[in-house]
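S.K.: Quick one: sequence and predicted model below, then my questions.
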Amino acid sequence: MREATSREIKEIARRHLVAHGAAGVSLRAIAREMGMTAPGLYRYFASLHDLLDSLRADLFTELTDAVAAAQAALPEDDTDGRVLAALRAVRAWALGNRAEFTLLFGPAVTDTGPEEDSPAAVAGQRFAAAFVSLFDRLLAEGRFAPPPAEPEASAELRAQLDAFAACTGFTGDHASDAATRFMLRSWVRFYGLVCMEVFRHLGFVADDLGALFEAELRDLVTGLGVVYRAP
C-alpha cells in the first residue's frame, strides 16, 4: 500500500512537472489532488526535495532503460550500431520528455543540492556508466587513439578529471588522463547539442533539427572510430 501511494504521488508530481515546470510542483497541490493534507505526504516523502530526488531517480532509470532497449535491438557485436542507437535514444527521450529532461539536467529546483549517495545520484551514475562502457569498448577495440593529454593542463584540471573518472567508473585498463579528457569533450559536444535543441536555442536554424543532429552525430562518431549509419 505504501509503495503504491508513493508511486501515485510521483505520477502526479510528474504530471504537474509537465504541465507547470519544476517550479510548479508542490506538495500542497499534490496533496489536494489526492484528497490528502500536505502534512500527510510527509509520511511518504520528508520534503519536496526528497520527492523530486526520487522522481529524478525514476526518470534516470527510464532514460537508461531507453538507451539499453535501443542497444538490445541490435546484435551484441554491432558496436557501431549500438553506439549510434544509444546516442539517438538519448535525443529521442529528451525531445519526447522536455520537462523531465529539464528536471534532470536543468537548474536545481530546491536550495539543497543532490547528495552523492541519493537515489537520483546513484541512478545518474548508472546512466553515465552506460556511455562510459561504450567509450571503453571503443578503446578496447582500437577504434581510435585519444589525442595526447595537454602538457599545460593545470593540477586543478587533472584532479577534476581524476574525480570525474572515478565518479563515472572510467578506471579500467584503457583509462588515462588523455582518454578521460577526450571522453568528456565528446560527451560535452553531444550533450550540448541535445540541450540546445531541447531548450529551443537553435530555432533560428530550423524547426526540425533532425538533419543537423545527424550531421553532427556523423562527425562526432567518426572521430571515435564509429562507422556512421543513417537511421
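M.R.: Yes, it's here.

S.K.: wouldn't G106 be in contact with G21 here?
M.R.: No. In this structure, G106 is not within contact of G21 by CB atoms under 8 Å, at 9.4 Å. Glycine gets a C-beta too; all of them are placed from N, C-alpha and C.

S.K.: got the CA positions of the helix or strand A86 falls within in CSV?
M.R.: A86 is part of helix 79-96 when elements are defined by DSSP states H and E. Extracted as CSV, the C-alpha positions of helix 79-96 are listed here (Å, rounded to 0.1, in the frame of the first residue of the first chain):
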residue,chain,number,x,y,z
THR,A,79,29.5,-1.8,-31.8
ASP,A,80,28.8,0.9,-34.5
GLY,A,81,25.1,0.3,-34.4
ARG,A,82,24.9,0.2,-30.6
VAL,A,83,26.8,3.5,-30.2
LEU,A,84,24.6,5.2,-32.7
ALA,A,85,21.4,3.7,-31.2
ALA,A,86,22.4,4.8,-27.7
LEU,A,87,23.1,8.4,-28.7
ARG,A,88,19.9,8.7,-30.7
ALA,A,89,17.9,7.2,-27.9
VAL,A,90,19.0,10.0,-25.5
ARG,A,91,17.9,12.6,-28.0
ALA,A,92,14.6,10.9,-28.7
TRP,A,93,13.8,10.6,-25.0
ALA,A,94,14.9,14.2,-24.3
LEU,A,95,12.7,15.6,-27.1
GLY,A,96,9.8,13.4,-26.0
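
S.K.: For the helix or strand just after it, the averaged confidence score.
M.R.: Counting by DSSP H and E, the next helix or strand C-terminal to helix 79-96 is helix 98-105. For helix 98-105, mean pLDDT is 96.

S.K.: on contacts alone, who are the packing partners of helix 98-105?
M.R.: With contacts defined as 3 or more CB pairs under 8 Å, 6 or more residues apart in numbering; DSSP states H and E, helix 98-105 has these neighbours: helix 2-20, helix 48-72, helix 177-198.

S.K.: any idea how far the helix or strand following it is from the chain center?
M.R.: Where DSSP H and E defines the elements, the next helix or strand beyond helix 98-105 is helix 119-140. Distance, stretch centre to chain centre, for helix 119-140: 10 Å (CA atoms, centre = their mean, to the nearest Å).

S.K.: quick one: helix 119-140 to helix 79-96, angle?
M.R.: Inter-element angle recorded for helix 119-140 and helix 79-96: 150 degrees (by axes from the mean of the first three to the mean of the last three CA atoms, to 10 degrees).

S.K.: Any stretches of this protein with poor pLDDT?
M.R.: Applying pLDDT under 70 to the chain picks out residues 108-115, 150, 152.

S.K.: Please repeat the previous calculation with a cut-off of 80.
M.R.: By pLDDT under 80, the weakly predicted segments of the chain are 1, 107-116, 148-153.

S.K.: Show me the domain layout of this structure.
M.R.: 1-45, 56-222 (automatic domain parsing).

S.K.: Out of the helices and strands packed on helix 98-105, which is closest to F164?
M.R.: Nearest of these to F164, taken as CB to CB: helix 177-198 at 6.4 Å.

S.K.: how about the very next helix or strand once past that closest one: buried residues?
M.R.: Toward the C-terminus, helix 177-198 is succeeded by helix 210-222 as the next helix or strand (DSSP H and E). Under the neighbour-count criterion of 16 or more other CB atoms under 10 Å, helix 210-222 has 213, 217-218, 220-221 buried.

S.K.: For R137, state which of those is nearest.
M.R.: R137 lies nearest to V221 out of those, by CB to CB, at 13.1 Å.
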